[in-house]
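Student: have a look at this fold, sequence not included:
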């Protein structure tokens with residue numbers, strides 16, 4: 001199965017402390033939100049990132065995926 005291209009948007013601008021913390025996704029800060037963008041191995045990896053965000057108490061604004 002090919003990797004999944006994803007973008008997860010969370011409320012708030014995460015600090016540089018979180019760079020590399022989410023399965024290698026890049027952080028892009030955009031006016032009050034943070035976009036986590038990149039490739040994930042599969043749906044299981046995406047669920048892991050979403051669980052990690054929830055465990056940190058971050059508000060998930062949106063999730064979008066496509067096949068690269």
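Tutor: Sure thing, it's come through. The structure presented is a predicted model; accordingly, all values stated were derived computationally and were not measured.
Student: every contact and neighbour count from this point should use C-alpha atoms.
Tutor: Fine.
Student: in this structure residue 26 contacts residue 16, no?
Tutor: No - applying Cα atoms under 8 Å, one finds residue 26 not in contact with residue 16, separated by 10.6 Å.
Student: just want to know which of these two has more residues nearby.
Tutor: Of the pair residue 26 and residue 16, residue 26 is the one with more neighbours under other Cα atoms under 10 Å, namely 18 against 9.
Student: residue 1 versus that one, what's the distance?
Tutor: 22 Å (Cα to Cα, to the nearest Å).
Student: which SS class is residue 20?
Tutor: Local secondary structure at residue 20 is given as coil here, using DSSP: H, G, I helix; E, B strand; the rest coil.
Student: neighbours of it, how many?
Tutor: Using other Cα under 10 Å as the criterion, residue 20 is surrounded by 12 other residues.
Student: ignoring the adjacent residues along the chain, who's closest to it?
Tutor: Closest residue to residue 20 in three dimensions, ignoring its sequence neighbours and counting by Cα to Cα, 6 or more residues apart in numbering: residue 26, at 6.9 Å.
Student: buried residues in stretch 27-41?
Tutor: Residues 27, 29, 33-40 are the ones in stretch 27-41 that count as buried (16 or more other Cα atoms under 10 Å).
Student: ok, now stretch 8-18?
Tutor: Along stretch 8-18, these residues count as buried under the neighbour rule (16+ other Cα under 10 Å): 8-12, 14.
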